[in-house]
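# just coords:
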């Protein structure tokens, strides 16, 4: 039986106690409709607008809200291991559990952060990145690793600020990881760039890199690699990546580039 739950992104007011702190953003309600049972092949999480109409979390939720605030859609809650992802090749791009050879996929161990995507971004597989070993995009939206303390729910839409970027290379494909924090996290006002993450979340950037480097090893695959000297890039660089991949997404939905099997609605 399908279940509908209402997810309200953090909309409480936040105090601007410093010039770098972000002000509050109004967040409308987003409804998600679950079809099927979790951890089954048929399970889907659809997104509904205010009228109950299905919309695409990838294409219809705006990327930015201004003032350095971005929308982030949770696919995998922290401390879980079911490999959930937006189904980029299905109508309305619902969230589903990834499969391989007809079997549901799981990480070998829990992911320690909330993980998901930036809407209205796309890593173009026809574009080589000269700054990252000439690697081509992985044909997916840009991934986000949200480092806040709260375990979120599948389909939750959070308002975040980006802090850093890791250039993961997965079997030759570039798969950016934007490190960010939700605006409603108690430490959000303390972190505004990569150095702040090291100060207030010591060891977290290294842990993120190591987790994504090694998670395929238990399945007998080689470790992933990282470009940019194996180090996280700063916020300015992360924002550049977000801007570039948003431009790539715009070309995709305008059909200026070949969409292949990707759903554009």
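Perfect, thanks for sending it. This is a predicted model, so every value here is computed, not measured.
# Count the residues that sit near residue 250.
For residue 250, the neighbour count with other Cβ atoms under 10 Å is 13. The C-beta positions use only the backbone N, C-alpha and C, and glycine is treated the same way.
# For the strand ranked longest in the chain, the averaged confidence score.
Taking DSSP state E as the criterion, the chain has its longest strand at strand 157-170. Summarised as a single mean, pLDDT over strand 157-170 is 98.
# Tell me who's in contact with the residue lying closest to residue 258 once chain neighbours are set aside.
With Cβ to Cβ, 6 or more residues apart in numbering as the criterion, residue 258 has its nearest non-adjacent residue at 7.8 Å, and that residue is residue 126. Contact partners of residue 126, counting by Cβ atoms under 8 Å, 6 or more residues apart in numbering, are 136-137, 257-258.
# Look up the pLDDT of residue 126 for me, please.
At residue 126, the predicted lDDT confidence score is 97.
# do the one 10 residues further on as well
pLDDT, the model's per-residue confidence, is 98 for residue 136.
# since we're on residue 62, how many residues are nearby?
Counted with other Cβ under 10 Å, residue 62 comes out at 10.
# Likewise for residue 224?
Residue 224: 18 neighbours (other Cβ under 10 Å).
# Go ahead and confirm it touches residue 210.
No: the pair residue 224 and residue 210 does not pass the contact test of Cβ atoms under 8 Å, sitting 10.3 Å apart.
# re earlier: kindly write the ChimeraX command that selects the buried subset of the contacts of residue 126.
Entered in ChimeraX, the line below selects the buried ones among those, by 16 or more other Cβ atoms under 10 Å:
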select :136,137
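# who's residue 182 bridged to?
Beta-bridge partners recorded for residue 182 (DSSP bridges): residue 160.
# And residue 145, by the same measure?
With DSSP bridges as the criterion, residue 145 is bridged to residue 115, residue 179.
# can you pull the pLDDT of it?
As predicted, residue 145 sits at a pLDDT of 99.
# Under the pLDDT cut-off, which ranges of the protein? List them.
1-29 (pLDDT under 70).
# Return the distance of the closest residue to residue 159 other than its chain neighbours relative to residue 70.
Closest residue to residue 159 apart from its sequence neighbours, by Cβ to Cβ, 6+ apart: residue 183 at 4.7 Å. Using Cβ to Cβ, to the nearest Å, we find residue 183 at a distance of 10 Å from residue 70.
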